[in-house]
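> my questions are about this predicted structure, shown below with the sequence.
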Number of protein chains: 2
Amino acid sequence: MVNETQHTCSASSSSKSDGGSSSGSESSKDSSRCSTPVLDADRHERLREKMRRRQDSGDKWFSLEFFPPRTANAAVNLISRFDRMGAGGPLFVDVTWHPAGDPGSDKETSSMIIANTAVNYCGLETILHMTCCNQTKDEITGHLQKAKRLGLKNIMALRGDPVGEEWEEEVDGFNYAVDLVKHIRNEFDDYFDICVAGYPKGHPEAESYEADLRHLKEKVFAGADSFLKFMKDCQAIGITCPIIPGIFPIQGYHSLRQLVKLSKLEVPQEIKDVIEPIKDNDAAIRNYGVELAVSMCRELLDSGMVHGLHFYTLNREVATTEVLKRLGIWKEDPRRPLPWAVSAHPKRRVEDVRPIFWASRPKSYIYRTQEWDDFPNGRWGNSSSPAFGELKDYYLFYLKSKSPREELLKMWGEELTGEESVFEVFTCYITGEPNKNGHKVTCMPWNDDPLATETNLLKEQLEKVNRRGILTINSQPNINGKPSTDPIVGWGPSGGYVFQKAYLEFFTSSEIVTALLKVLKKYELRVNYHIVNVKGQNITNAPDLQPNAVTWGIFPGREIIQPTVVDPVSFLSWKDEAFALWIEQWAKLYEEESPSRMIIQYIHDNYYLVNLVDNDFPLENCLWQVVDDTFELLN
Amino acid sequence: MVNETQHTCSASSSSKSDGGSSSGSESSKDSSRCSTPVLDADRHERLREKMRRRQDSGDKWFSLEFFPPRTANAAVNLISRFDRMGAGGPLFVDVTWHPAGDPGSDKETSSMIIANTAVNYCGLETILHMTCCNQTKDEITGHLQKAKRLGLKNIMALRGDPVGEEWEEEVDGFNYAVDLVKHIRNEFDDYFDICVAGYPKGHPEAESYEADLRHLKEKVFAGADSFLKFMKDCQAIGITCPIIPGIFPIQGYHSLRQLVKLSKLEVPQEIKDVIEPIKDNDAAIRNYGVELAVSMCRELLDSGMVHGLHFYTLNREVATTEVLKRLGIWKEDPRRPLPWAVSAHPKRRVEDVRPIFWASRPKSYIYRTQEWDDFPNGRWGNSSSPAFGELKDYYLFYLKSKSPREELLKMWGEELTGEESVFEVFTCYITGEPNKNGHKVTCMPWNDDPLATETNLLKEQLEKVNRRGILTINSQPNINGKPSTDPIVGWGPSGGYVFQKAYLEFFTSSEIVTALLKVLKKYELRVNYHIVNVKGQNITNAPDLQPNAVTWGIFPGREIIQPTVVDPVSFLSWKDEAFALWIEQWAKLYEEESPSRMIIQYIHDNYYLVNLVDNDFPLENCLWQVVDDTFELLN
């Protein structure tokens, strides 16, 4: 069954600039300036503009609805799902609002925090639902202010479900979604794009289909600026903004029954006839649901009146992804606007430089820099040594390892016998081979995910050095002008060329550092190094506190973009995090005073964190030679 | 004869920060930040620091003294001399101050404006002399404020010559240089580096050598921070700042007599004996003067006590250059910190991006941007569309052609017979061949100097297209990673790589533009173009108002430097200047209503100014193909 509830995306056409709250004009100034030179449109448009552009170009789109999970673990999983489903190119995701679940709180499972994560960490255009009944104006304003602060720009304005059996109007309260729409426009001018819901089969509580349509019109006109096509009935009464059908692929017998109960919709007899006999066969029901959804969606899209489809995912991946792929609107765009995932926070739009250190921990970087007023645009600059967020307030749930303790122990060793056991864990992570207990090492404290494709280019050399105690946590090969469309190292608009300086970052013993420093002397300025221990003892040959650009791109008609730098100042902030991960993620897996824990503690206390850059990018990467020379000197 | 007057460079050691005038602390903040990443030391140090660094490194240096010329033409010549003698690497130049010549005025020949030109247009560290006798405090403060505004940072504080025959002290007036030094420190804190003069043979008016030394000590201690070696007598009474001997190479019989008269110095008998017999042979006297200066300077340098030599050039080039070359301290440094000449104005220190359009008119660019508050550092950025100085206040003497009208007519044609005569002028400029009247074309309204070495690389193609009416005024070849030390296209610190996108800028007829536009279609985004006529009608395929970086460099341990851009906004400011030069420099050579003038006027009114960038820098430059295709289409 496909429940064709409609979402209407509305936005005020008012261009008045509000002296008190400058957000509206700020945002429009930003978008006209378009200061970040990479795949600009997508990064700078408002949702309503994106929708209109896609409609104008005839490019069909989809969006995905999720609900806030109940547990922290489920939240971590949902975020991974955002990343995976985000790869298919949804125009937006939305997060529902359940008044009973403390949706505006700071809990890791609240609607507010889940939407925050989608925007800031996953870089997804996000709509936060918000209901208004049984809430004071102040409560609602508080939620909206918080949403704005977190970088949310789109609100789905809803009335909310009645508390008791029947609906009772409150005097001066928010009785309809239209009251919330009006309130948002009054208090926040044009800052938010607002969506409202319509009910093609009638709202379960509406007197009639006609009355329902009238309410929809009221909601739209509370702040309408988009004048686009609309389905016939809506057009007839003058609703002209984009209308998006909501698709509910049947994924199981019970979830369908639940929906029917809530929506008071009737399931057509022909669907009932198919489902009832197979109600205990989940796979069969899902296959049928996918079939049904695909043909329904095809019909909608073929009508020429529908430009986008909204999917109720129920926080599940398989059915929706399958439908989207079969419709041909799941589009994995291998192009990366920048080498790292861009945050969708409006304040971070201009951001196009980051230190390389957080390459495998982008969420941590965004978290630690969330209080920054400005984000570097064009270059990092050496006057920008902004204070990174303190490490102490940093262990939020989404920065933790995704894997449970038992799994980590299997990967990283139930019991360590010496530093060599640690070398082995690093080596297994690089090679992808199982460790001696037969478990693959698919993550490390510094890398939540398996090795990046790009790092695979260096696999052989990395394996060799990790085996000998150069414990690598970050690296990139040198690249001398590959096309920006290169599937592995490419990024940015097409027609450009990307470059990299070879980079290697690792932990290693003081014995190796001593030899390394002797070797580095003969490379002079070709190799820049920063070597630091947990106490902050710092050895470098960088002449001053300047950043070194290690990834850059040259594009038609643009300034040069240099999205990753090795910056000596931020390296010291990263150092705290990198050393802390030994203890927080690894040592604490073991009993206090246990030999395993003491081995990790020893490494934490005595090893150095080293980064090396080979500045001579057109030549063969010399960093492996540096390491070989070091081992030779030690022998 | 060598007159060994001494210059003493003094500076306050006070680090107190003056709330009212923040110049002192501003300047020290700037220098510690060191935000421009190219050959930093030289660009950011104060004169006193440069001196100390050269002394510490044992690197001998020299400086050059000039006096303000009497006529505007002489001023133009002096500026060319600054450029030529600046190439030998003087530590500073200084400009003398003659109270009778209105030295603080805005006249093109005033000391103030000559010093301004040396700093801002020629990029030379400059000392402005200033005398104090017979002037009010307010007058002097006014001069100093103006000097500061113009970016001058160093003052040679002098008493000045008596007005009558004998010196009379004024009560409350400035009677000695020391009064001026104290005044500068009181009013401007540590902003200026201050130099004073000493007289090894005694000041002509001093009671005794000892009294003179005491005065020198007073002058030095009015604001002394430099504790360096000093010559024995000065050391004995506690003067410890750098002391620089002034060298006067004998350049002619009359100038020597003049000096003797003014300084009341006696010429040693053995010199007189040589000079008198050859007094009518200028060359012989000069050769003898050079010999004498060289041996005197060698003795000074060999003493180990002298680190720098100051030359009284008398605004002449040959003798001083010869002495410097024979001493081995004339050092032409082929390294360019950036592809264009850097201004020495302290406000412009951070400047490291400019539009390419002014490549052959850097003085005009500096002039037109002199009122800017900020200079682009790191990138041009598309939000920076600062108002360029109006064209109307722009025809200052140093922007005029250096050549007199008669010479220009010989080069550009006494009489033009049609557009083809203009094509021929452009072609002769490119090839270096004489025109049909046998005159070489060594400059053009858009290019004061003969073709740049780099442009020579394109000579053959440029000749071909100019012959056919593509009148080129600016171009650069594409460069894909040449060493930064490359003698032709290199710039910036060693160990780096420089890159360029091919660029071509020309005037051409609307007929050719029509064909060109058809041809450009097939190149799509590979070639960016901006085409504009004098009325501002503007045709471009640049997607938005973003600058296109066309020169950039990658260096060890640094961010990327992109010193030239094609910026669509500033192109429109350049357009006004480029079209105006047709009229102001060329058309006005001819009588009004004359056919020659009407031909230039026609071109001015009807031609287009075109710029083309080939974005695909690693491939062969396609711009010649674009032009060939255009001509083919026209045939």
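Yes, it's here. Numbers count the residues shown, from 1 in each chain, chains lettered A, B, ... in the order given.

> list the buried residues in stretch A:325-345.
For stretch A:325-345, the neighbour count (16 or more other C-beta atoms under 10 Å in any protein chain shown) marks A:326-327, A:329-330, A:336-345 as buried. Placement of C-beta: from N, CA and C, glycine included.

> chain B contacts on the stretch 401-550 of chain A?
Residues of the stretch 401-550 of chain A that fall close to chain B, judged by C-beta under 8 Å from any C-beta of the partner chain: A:480-481, A:495, A:497, A:499, A:525-526, A:528, A:542-544, A:546-549.

> rewinding a little: the buried residues of stretch A:325-345 in helices, which ones?
A:R326, A:L327 (DSSP state H).

> right, and A:Y529 touches A:N611 too?
Yes. In this structure, A:Y529 is within contact of A:N611 by C-beta atoms under 8 Å, at 6.7 Å.

> low pLDDT regions in the stretch 351-500 of chain A?
Within the stretch 351-500 of chain A, the ranges that satisfy pLDDT under 70 run A:382-386, A:390-400, A:455.

> for chain A, same thing?
Ranges of chain A meeting pLDDT under 70: A:1-44, A:162-172, A:198-241, A:263-265, A:334, A:382-386, A:390-400, A:455.

> would you point out which residue is most central in it?
Geometric centre of chain A, nearest residue: A:C122, 0.5 Å, by C-alpha atoms, centre = their mean.

> could you find the closest non-adjacent residue to it?
Spatial nearest neighbour of A:C122, excluding adjacent residues (C-beta to C-beta, 6 or more residues apart in numbering or on different chains): A:F82 at 4.3 Å.

> for the helix or strand harbouring that neighbour, which residues meet the burial criterion?
Assigned by DSSP states H and E, A:F82 falls within helix A:72-86. Of all the residues in helix A:72-86, those buried under the rule 16+ other C-beta under 10 Å are A:A75, A:V76, A:L78, A:I79, A:R81, A:F82, A:D83, A:M85, A:G86.

> stretch A:94-108 now?
By neighbour count on 16+ other C-beta under 10 Å, the buried set for stretch A:94-108 is A:D94, A:V95, A:T96, A:W97, A:P99, A:G101, A:P103, A:G104, A:K107, A:E108.

> and these near chain B, which?
Among the buried residues of stretch A:94-108, chain B is touched by none when using C-beta under 8 Å from any C-beta.

> of those, which belong to strands?
Counting by DSSP state E, these place A:D94, A:V95 in strands.

> residue boundaries of the helices in the stretch 251-400 of chain A?
Under the criterion DSSP state H, counting those that start in this stretch, the stretch 251-400 of chain A contains helices at A:253-263, A:269-275, A:282-302, A:318-327, A:362-368.

> which stretch among these comes nearest A:E45?
Comparing those by their distance to A:E45 (C-beta to C-beta), the top pick is helix A:362-368, with 21.1 Å.

> need the residues that contact the helix or strand following the closest one.
Next helix or strand after helix A:362-368 toward the C-terminus (DSSP H and E): helix A:405-412. Surrounding helix A:405-412, the residues in contact under the criterion C-beta atoms under 8 Å, 6 or more residues apart in numbering or on different chains are A:401, A:403, A:425, A:435, A:437, A:439-443, A:585-586, A:589.

> go on, stretch A:245-253?
Against stretch A:245-253 from outside (C-beta under 8 Å, 6+ apart): A:1-7, A:65, A:256, A:259, A:271, A:275, A:279-280, A:282, A:285-286, A:288-290, A:292-293, A:296-297, A:300, A:306, A:309-312, A:314, A:316, A:319-320, A:323.

> of these, grab the buried ones for PyMOL.
Here is the PyMOL command that selects the buried residues among the contacts of stretch A:245-253 (16+ other C-beta under 10 Å):
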select buried, chain A and resi 1+2+3+5+6+7+65+256+259+271+275+285+286+288+289+290+292+293+296+297+300+306+309+310+311+312+314+316+319+320+323
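
> for the host helix or strand of A:V119, packing partners?
A:V119 is part of helix A:111-120 when elements are defined by DSSP H and E. Where contact means 3 or more C-beta pairs under 8 Å, 6 or more residues apart in numbering or on different chains; DSSP states H and E, helix A:111-120 is packed against helix A:72-86, strand A:92-95, strand A:126-131, helix A:137-149.

> contact partners of that helix?
A:66, A:68-69, A:75, A:78-79, A:82, A:93, A:95-98, A:101, A:103-107, A:124-129, A:143, A:146-147, A:150-152, A:343-345, A:348, A:366, A:370, A:398.

> and the angle for it with helix A:137-149?
Helix A:111-120 and helix A:137-149 are oriented at 20 degrees to each other (axes from the mean of the first three to the mean of the last three C-alpha atoms, to 10 degrees).

> how far away from the center of its chain is helix A:111-120?
9 Å (C-alpha atoms, centre = their mean, to the nearest Å).

> which of A:Y529 and A:N611 has more residues huddled nearby?
Neighbours were counted for A:Y529 and for A:N611 using other C-beta atoms under 10 Å in any protein chain shown; A:N611 has more, 26 against 20.

> residues contacting the more buried one?
A:F357, A:N474, A:Y503, A:L504, A:E505, A:Y529, A:H530, A:I531, A:V566, A:F571.

> doesn't it fall inside a strand?
Yes. Counting by DSSP: H, G, I helix; E, B strand; the rest coil, A:N611 is part of a strand.

> just list whatever residues bridge to it.
A:N611 has these beta-bridge partners by DSSP bridges: A:E505, A:H530.

> chain B versus that one, what's the distance?
12 Å (C-beta to the nearest C-beta, to the nearest Å).

> and what of A:R467?
From A:R467 to chain B the distance is 30 Å (C-beta to the nearest C-beta).

> mind listing what that residue touches?
A:F423, A:T427.

> dihedrals phi and psi, it?
Main-chain torsions, A:R467, degrees, to the nearest 10: phi -50, psi -30.

> write the PyMOL selection for whichever of the residues of the stretch 401-550 of chain A next to chain B are buried.
PyMOL command restricting those to the buried ones, with burial defined by 16+ other C-beta under 10 Å:
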select buried, chain A and resi 480+481+495+497+499+525+526+528+542+546+547+548+549
